[in-house]
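J.: Structure for the following, please:
(2 chains)
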Amino acid sequence: KAGVTQTPRYLIKTRGQQVTLSCSPISGHRSVSWYQQTPGQGLQFLFEYFSETQRNKGNFPGRFSGRQFSNSRSEMNVSTLELGDSALYLCASSLGDKSYGYTFGSGTRLTVV
Amino acid sequence: QKEVEQNSGPLSVPEGAIASLNCTYSDRGSQSFFWYRQYSGKSPELIMSIYSNGDKEDGRFTAQLNKASQYVSLLIRDSQPSDSATYLCAVNTGAQKLVFGQGTRLTINP
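T.: Got it, this is the predicted structure:
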C-alpha cells in the first residue's frame, strides 16, 4: 500500500515568488492536513481538507492557501514568499475520523532566499 | 497556555533503562491522543494511539492516559540506541485538527 506522497522534496525560491506543493494521500483516505515545521515553532497546523472542503484553518496569513481535488489529492500554495516561510512542509492523511492518527509524507523542504 | 506541552529535553537515558516522556494538554474535550517519533531529517511516524484512561502496551512501548489530570505519557522499556529521536505528543481536539507539542528529544546512551 503506497504511503503519502509529497512533491517536490526540495524547493529553492526567491522572495516574492509563489510556490505550489502537492500531496497524494493514502488510497481511501479522504482527509488531508498540512503542517509547517520549523526548529523554533515545531509543527504548526495550516489547514485540513475533507472531501474537497476545508474544515479547519490554522493561524497563518492569507498568503497560505490550499485545495483538495475529487481524488483527495491536495495542493498547498504560498504566494509572495518571505524568508520566514523557509520550513519543512508536511502533509498528512487520515480516514477523517478524529479517532485515527495521521500518516505523514516525507515533506517538502522549502528554502526562500 | 499552549494547547499541548512537552518538556523539550534533551532527555538522556542509558541503554536498557526505561525512558519516560510526558505531555499535558489544555482542552478537556480532547478524546484522541497519539505519540509520534521523528528521526532527524525524517517525517513523524505514528507509534502509539490511546483513547481511554489507563495504559496501552505495544511491545516495548506503553502509553498512559489520565483525562482527569489532562496528562499523557509514553514509557519505552529496554531503551535502545535506535530509540534516539524526538518524540511528539499529539492531541485531537475535536476541531478537525491534530495539535502537536514541541517534542522531547531523547538520547539513549550505549
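J.: Starting from the worst-scoring helix or strand of chain B on mean pLDDT, tell me which strands it pairs with and how they run.
T.: Ranked by mean pLDDT, DSSP states H and E, the weakest helix or strand in chain B is strand B:98-100, scoring a mean of 91. Sheet pairing of strand B:98-100 (DSSP bridges) gives strand B:85-92 (antiparallel).
J.: Rounded mean pLDDT for the partner strand, please.
T.: Mean per-residue pLDDT for strand B:85-92: 95.
J.: repeat for stretch A:88-95
T.: Rounded mean pLDDT across stretch A:88-95 is 95.
J.: Report whether that stretch contacts chain B.
T.: Yes - using Cβ under 8 Å from any Cβ of the partner chain, stretch A:88-95 reaches chain B at A:90, A:92. (Glycine included, C-beta is placed from N, CA and C.)
J.: what comes into contact with that stretch?
T.: Residues outside stretch A:88-95 that contact it (Cβ atoms under 8 Å, 6 or more residues apart in numbering or on different chains): A:4, A:6, A:21, A:23, A:25-26, A:28-38, A:43, A:46, A:72, A:74, A:76, A:100-105, A:107-110, B:43-44, B:98.
J.: can I get the CA coordinates of it in CSV?
T.: What follows is stretch A:88-95, C-alpha atoms only, in CSV (Å, rounded to 0.1, in the frame of the first residue of the first chain):
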residue,chain,number,x,y,z
LEU,A,88,9.6,21.7,6.1
TYR,A,89,6.0,21.4,4.9
LEU,A,90,4.4,18.2,5.8
CYS,A,91,1.2,16.7,4.5
ALA,A,92,-0.7,14.0,6.5
SER,A,93,-3.6,11.9,5.5
SER,A,94,-6.2,10.1,7.6
LEU,A,95,-9.6,8.4,7.2
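J.: which regions of chain A lie under the pLDDT threshold?
T.: A:1, A:98 (pLDDT under 70).
J.: bridging residues for the most centrally placed residue in it?
T.: Residue closest to the average C-alpha location in chain A (Cα atoms, centre = their mean): A:W34, at 3.2 Å. Taking DSSP bridges, one finds A:F47, A:C91 as the beta-bridge partners of A:W34.
J.: so what's it up against?
T.: A:23, A:45-48, A:66, A:74, A:76, A:89-92.
J.: Out of those residues, grab the one that's most surrounded.
T.: Ranked by neighbour count (other Cβ atoms under 10 Å in any protein chain shown), the contacts of A:W34 have A:C91 at the top, with 30 neighbours.
J.: Now B:P110: closest residue in space, sequence neighbours ignored.
T.: The shortest distance from B:P110 to any non-neighbouring residue, by Cβ to Cβ, 6 or more residues apart in numbering or on different chains, is to B:E15 (5.1 Å).
J.: what's the burial count for the one you found?
T.: Applying other Cβ under 10 Å, we find 12 residues neighbouring B:E15.
J.: again, but for the one 10 residues further on
T.: Residues near B:Y25, counting by other Cβ under 10 Å, number 23.
J.: Need the per-residue pLDDT for it.
T.: pLDDT, B:Y25: 95.
J.: Repeat that for the one 3 residues further on.
T.: At B:R28 the predicted local distance difference test score is 90.
J.: Now name the helix or strand holding it.
T.: Using DSSP states H and E, B:R28 sits within no helix or strand.
J.: Touching, it and B:Q70? I think so.
T.: Yes - counting by Cβ atoms under 8 Å, B:R28 does reach B:Q70; the two are 6.6 Å apart.
J.: Between these two, point out the one with more neighbours.
T.: Set B:R28 next to B:Q70 and count neighbours by other Cβ under 10 Å: B:Q70 wins out with 17 against 8.
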